[in-house]
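Asker: Fold the stuff below for me.
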Amino acid sequence: MPDHLPRRQVLRTAGALGLGAAAAGALSSTADAATQASSIAGTPDKLTAMGEHHGRFEIRKDPFGTTPDGQKVDVYTFTNGRVTISMLTWGATIQRVETPNRRGRTENISLGFDNLPDYATLSPYFGSTIGRYGNRIAKGQFTLNGTTYQIPINNGENALHGGTIGFDKKVWTAKVVRSDKAVGVAFSYVSPDGEMGFPGELTTTVTYTLDRRDTLRIDYHATVAGKPTIVNLTNHVYFNLAGEGSGSIDGHVLQMDAPSYTPVDAGLIPTGEIAPTAGTPFDFSKPTAIGKRIRDDHPQLVIGRGYDHNFVLGADAGKDGLRYAARFWEPEEGRTVTVHTSEPGAQFYSGNFLDGTFQGIGNKSYRQGDAFAFETQHFPDSPNHPNFPSTVLRPGETYTSTTTYTFGTK
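Answerer: Prediction:
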């Protein structure tokens, strides 16, 4: 492989050689690309085995880059033979989700980058594990046990996704999780008391596992020491079921069990109202194309530039503690993703603020409406709304949450 190829060309060449997602991640390290390409090309059998042994779990780790302060970042790639997931220790980030369409053609369906610097400087939370508090807190302030805390504002006058340096910008420790039923990675991070203004030392483990039924399961676990705190963890993976970088998701069909939602003010902060979705563009009780009503003259759609709202989920949890939340379907390729969760809400975001100013992993620009996110969660700004489900975590208590994404075709 020529040693003068730019980083993105090296990535594309690796794909053409059949080296797979893991090799692509390794090639994007900040070390010399040509040296890495030679190393990877010398071990094609191990990489090929991941994609050809259907029903066989495989996992591998490769270097992805190094932070400016010298921390090494790795990419873990795990597969069940049909679905392949690539995750970074940077932000416990889902980098790639590779799934087959109805004709068996496999493509990456999640937005992301092929290199660490872009994640560090450009990423709008692509695939990130979000914390300590997902979504917005009004003016970055909340009061707990009579003490007012200030989180750095980074979204207008509000704090978003944990402040200026949230969990998405941390290097997590990683441990392989593997059984005869699933394979994946457990990521851990300890957030010290006072980090980003939050009280208490928070120890978080988020475990991502892929099973034989093509379900990616995310289990969140957190405890706090010293002081009570607030916690709202989620993942911000962006999907385009037609393939990453393939264009608008307006034609994707969504069915969601959400009889109500939380309207927002001009800063996208909930007003405190819980409003019915029936009779509004927010009613997805029947399968509806995302783009069908997205440009309706509804004040909430105008504020959000589309959908960027918390939906209050309606289904009762099953025996496994999970409730059905939503199903997305892309008619042309036939891919589907079905979401179940233990959370009471989910932020449905239609990619309204993607503006084409950077290129993603497929060397294509991401523009408005080119992907959707479905972030399971407690409600935004909950600490400032007593009528919302509480996000307070106290010493001696354990925060747990589970969300699953099941991939399929129709």
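Asker: what about Gly251, neighbour count?
Answerer: Using other C-beta atoms under 10 Å, Gly251 has 16 neighbouring residues. The way it works is simple: take the backbone N, C-alpha and C, and place the C-beta from them, glycine included.
Asker: those strands in the stretch 101-250 of the chain, which residues are they?
Answerer: Using DSSP state E, counting those that start in this stretch, the strands of the stretch 101-250 of the chain run over 106-108, 129-130, 136-137, 141-144, 147-150, 159-160, 173-178, 182-191, 201-211, 215-225, 229-230, 234-235, 238-239.
Asker: Nearest to Ile290, out of the ones you listed?
Answerer: strand 238-239 (11.4 Å; C-beta to C-beta).
Asker: Tell me the first helix or strand C-terminal of that closest one.
Answerer: Next along the chain after strand 238-239, taking DSSP states H and E as the criterion, comes strand 253-256.
Asker: thinking again about what came up before, now render the strands of the stretch 101-250 of the chain as JSON lines, adding mean neighbour count, distance to Gly369 and mean pLDDT.
Answerer: Output for the strands of the stretch 101-250 of the chain, formatted as JSON lines (neighbours: other C-beta atoms under 10 Å; distance: least, C-beta to C-beta, whole Å; pLDDT from 0 to 100):
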{"stretch": "strand 106-108", "mean neighbour count": "19", "distance to Gly369": "19", "mean pLDDT": "98"}
{"stretch": "strand 129-130", "mean neighbour count": "26", "distance to Gly369": "22", "mean pLDDT": "98"}
{"stretch": "strand 136-137", "mean neighbour count": "26", "distance to Gly369": "21", "mean pLDDT": "98"}
{"stretch": "strand 141-144", "mean neighbour count": "16", "distance to Gly369": "32", "mean pLDDT": "98"}
{"stretch": "strand 147-150", "mean neighbour count": "13", "distance to Gly369": "34", "mean pLDDT": "98"}
{"stretch": "strand 159-160", "mean neighbour count": "24", "distance to Gly369": "20", "mean pLDDT": "98"}
{"stretch": "strand 173-178", "mean neighbour count": "14", "distance to Gly369": "33", "mean pLDDT": "97"}
{"stretch": "strand 182-191", "mean neighbour count": "21", "distance to Gly369": "30", "mean pLDDT": "98"}
{"stretch": "strand 201-211", "mean neighbour count": "21", "distance to Gly369": "27", "mean pLDDT": "98"}
{"stretch": "strand 215-225", "mean neighbour count": "20", "distance to Gly369": "24", "mean pLDDT": "98"}
{"stretch": "strand 229-230", "mean neighbour count": "24", "distance to Gly369": "32", "mean pLDDT": "98"}
{"stretch": "strand 234-235", "mean neighbour count": "28", "distance to Gly369": "21", "mean pLDDT": "98"}
{"stretch": "strand 238-239", "mean neighbour count": "26", "distance to Gly369": "11", "mean pLDDT": "98"}
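Asker: Any chance of CSV for those, columns distance to Ala317?
Answerer: Compiled in CSV, the strands of the stretch 101-250 of the chain are given as follows (distance: least, C-beta to C-beta, whole Å):
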stretch, distance to Ala317
strand 106-108, 32
strand 129-130, 22
strand 136-137, 26
strand 141-144, 27
strand 147-150, 31
strand 159-160, 28
strand 173-178, 24
strand 182-191, 21
strand 201-211, 19
strand 215-225, 15
strand 229-230, 23
strand 234-235, 18
strand 238-239, 24
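Asker: residues near the closest residue to Gly245 other than its chain neighbours, how many?
Answerer: The shortest distance from Gly245 to any non-neighbouring residue, by C-beta to C-beta, 6 or more residues apart in numbering, is to Lys364 (3.3 Å). For Lys364, the count of nearby residues is 16 (other C-beta under 10 Å).
Asker: now swap in Asn145 and tell me
Answerer: 9.
Asker: Next one: the closest residue to it other than its chain neighbours from Asp69, what distance?
Answerer: Ranked by C-beta to C-beta, 6+ apart and with sequence neighbours excluded, the top spatial neighbour of Asn145 is Pro228, at 6.3 Å. From Pro228 across to Asp69, the span is 31 Å (C-beta to C-beta, to the nearest Å).
Asker: Same drill for the two, tell me which one is more crowded.
Answerer: Higher neighbour count among Pro228 and Asp69: Pro228, with 16 against 6, using other C-beta under 10 Å.
Asker: Looking at the strands of the stretch 101-250 of the chain, which is nearest to Gly321?
Answerer: With C-beta to C-beta, the closest approach to Gly321 among those belongs to strand 215-225: 10.9 Å.
Asker: Within its sheet, name the partner strands of the closest one and how each one runs.
Answerer: Here strand 215-225 has these sheet partners by DSSP bridges: strand 201-211 (antiparallel), strand 399-409 (antiparallel).
Asker: Using PDB, write out the CA atom coordinates for the first one.
Answerer: I take that to be strand 201-211. In PDB, the C-alpha atoms belonging to strand 201-211 read as follows (Å, rounded to 0.1, in the frame of the first residue of the first chain):
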ATOM      1  CA  GLU A 201     -17.600  11.000  43.200                       C
ATOM      2  CA  LEU A 202     -19.500   9.000  40.600                       C
ATOM      3  CA  THR A 203     -18.300   5.500  39.500                       C
ATOM      4  CA  THR A 204     -19.900   4.400  36.200                       C
ATOM      5  CA  THR A 205     -19.800   1.200  34.300                       C
ATOM      6  CA  VAL A 206     -21.600   0.900  30.900                       C
ATOM      7  CA  THR A 207     -21.600  -2.500  29.300                       C
ATOM      8  CA  TYR A 208     -22.300  -3.000  25.600                       C
ATOM      9  CA  THR A 209     -23.000  -6.600  24.500                       C
ATOM     10  CA  LEU A 210     -24.200  -8.100  21.200                       C
ATOM     11  CA  ASP A 211     -26.200 -11.300  21.200                       C
END
